[in-house]
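A.B. asks: let me see the structure of the following:
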Amino acid sequence: MKLDAWLTLLQSATPPLSQRLPALIDRHASVAEVVDLQRSELLAAGLSRRQAERLRDPDRQRMDQWRDWLDRPGRGLITRDSSDYPAMLKELPDPPLALWIEGTRSDLLNGPQLAMVGSRKPTANGRETAQRFARYLSERGLTIVSGLATGIDGASHRGGLQGCGSTVAVLGSGPDVLFPRSHARLAAEIIAKGLIVSEYPPGTPPLAAHFPQRNRIIAGMSAGTLVVEAARRSGSLITARLAGNNGREVFAIPGSIHNPMAKGCHRLIRDGAKLVEEAADVLIELPPLLELAMQPAAPPAGDPAEAPEETAPFEGQPGYAELLAALGFDPCGISDLARRTGLTAAELSSMLLLLEMEGLVEALPGGRYSRLSKRTP
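C.D. replies: Below is the predicted model:
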């Protein structure tokens, strides 16, 4: 009954979620009570007409497909009310309602974790550094969290698999939709020795808007975020900013002033990130609450083609052109944008993150934003 209630709830709403739905859940003793509410009660609680209709008349065929996926060994659904839900993720202002997982190490979700991110097209030295750092840190008990993208992500996962800390891959698609496809073998290794995680249900494609949401989970599950190589406007800088905004440590590895892939890391260091020269520096700077084993542990037994960019054109995605028009070139806060556009703060945050990744919007101190280009999506 509990699983049925959660599946009913999850098929009614697609992330990023309006905060009204989590608030509604918190006001009731169980999710089962929420899905049993009348349509009028759901509308009165602030849910959209579409959400209310889908809660009252759920897509049973879709739910059956999810059950079929969950029936396979090594797969699961960790909901927000579960004791297995990552404790650090609950500290986010907008934690996912549930996580779809596949793998052998669900225990990693509540162990000491470090996010490692960076360029999808790193230098050979950057790729080697990421794998070497990840292996060292994993051998000392840290779980390496990344996004399964090409470049630094892939190298970090490979290094993590070589130590006892292993690795967690957070996807911007459903857990059964691999992106990029060039990482099929790596994903299989992670499932065998680590964990695949997604807030998106099986069958969900890797849409551009999903990746900022994925980044917040990568940063949110981790005690710190290490950026290995990043261009000036790399999406990994957004992951680092999300980590800092949530009170987590941010680390960056410096590079040559002539290397464009070092400019993002240098920017982070100027803004207060911890400069890292050796992997051991991360262990020294992380909060003592992690209680890491400083001695190496025995590792467990046992170059892809570049994938397409993780962004897609904005055509057909409603609201982006209107948001840019409402934003203008003068700094503006979320509350003002919400008043101008009618969008919720959660919707605006997701859209602004994506626009920032595209180089169209700049995040400013004090939670304000401004446009960077007159180009419209």
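A.B. asks: tell me how this structure divides into domains.
C.D. replies: The chain breaks down by automatic domain parsing into domains covering 2-71, 88-290, 320-371.
A.B. asks: most neighbours per residue, which of those domains?
C.D. replies: Of the domains of the chain, the one with the most neighbours on average (mean count of other CB atoms under 10 Å) is domain 88-290, at a mean of 22. In short, each C-beta sits where N, CA and C put it, glycine included.
A.B. asks: surely residue 322 touches residue 340?
C.D. replies: No: with contacts counted by CB atoms under 8 Å, residue 322 stays clear of residue 340, the gap being 9.0 Å.
A.B. asks: residue boundaries of the strands in the stretch 201-350 of the chain?
C.D. replies: Using DSSP state E, counting those that start in this stretch, the strands of the stretch 201-350 of the chain run over 224-227, 249-252, 274-275, 332-333.
A.B. asks: quick revisit: may I see the domains of the chain organised as TSV, with mean pLDDT added?
C.D. replies: Converted to TSV, the domains of the chain look like this (pLDDT from 0 to 100):
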stretch	mean pLDDT
domain 2-71	88
domain 88-290	93
domain 320-371	82
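A.B. asks: export those to a markdown table and tack on distance to residue 80?
C.D. replies: Shown next, in a markdown table, are the domains of the chain (distance: least, CB to CB, whole Å):
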| stretch | distance to residue 80 |
| --- | --- |
| domain 2-71 | 8 |
| domain 88-290 | 5 |
| domain 320-371 | 15 |
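A.B. asks: and residue 196, how close does it get to residue 146?
C.D. replies: 12 Å (CB to CB, to the nearest Å).
A.B. asks: common neighbours of the two, please.
C.D. replies: Taking CB atoms under 8 Å, 6 or more residues apart in numbering as the criterion, residue 196 and residue 146 both touch 168-169.
A.B. asks: quick one: residues contacting residue 58.
C.D. replies: Taking CB under 8 Å, 6+ apart, we find residue 58 in contact with 7-8, 11-12.
A.B. asks: likewise for residue 284?
C.D. replies: Residue 284 neighbours (CB under 8 Å, 6+ apart): none.
A.B. asks: spit out the contact partners of residue 136.
C.D. replies: If you count contacts by CB under 8 Å, 6+ apart, residue 136 has them with 159, 163, 279-280.
A.B. asks: check contacts around residue 9.
C.D. replies: Contacts of residue 9 (CB under 8 Å, 6+ apart): 21, 25, 31, 34-35, 55, 97.
A.B. asks: you'd agree it is in a strand?
C.D. replies: No: Residue 9 is assigned helix when assessed by DSSP: H, G, I helix; E, B strand; the rest coil, not a strand.
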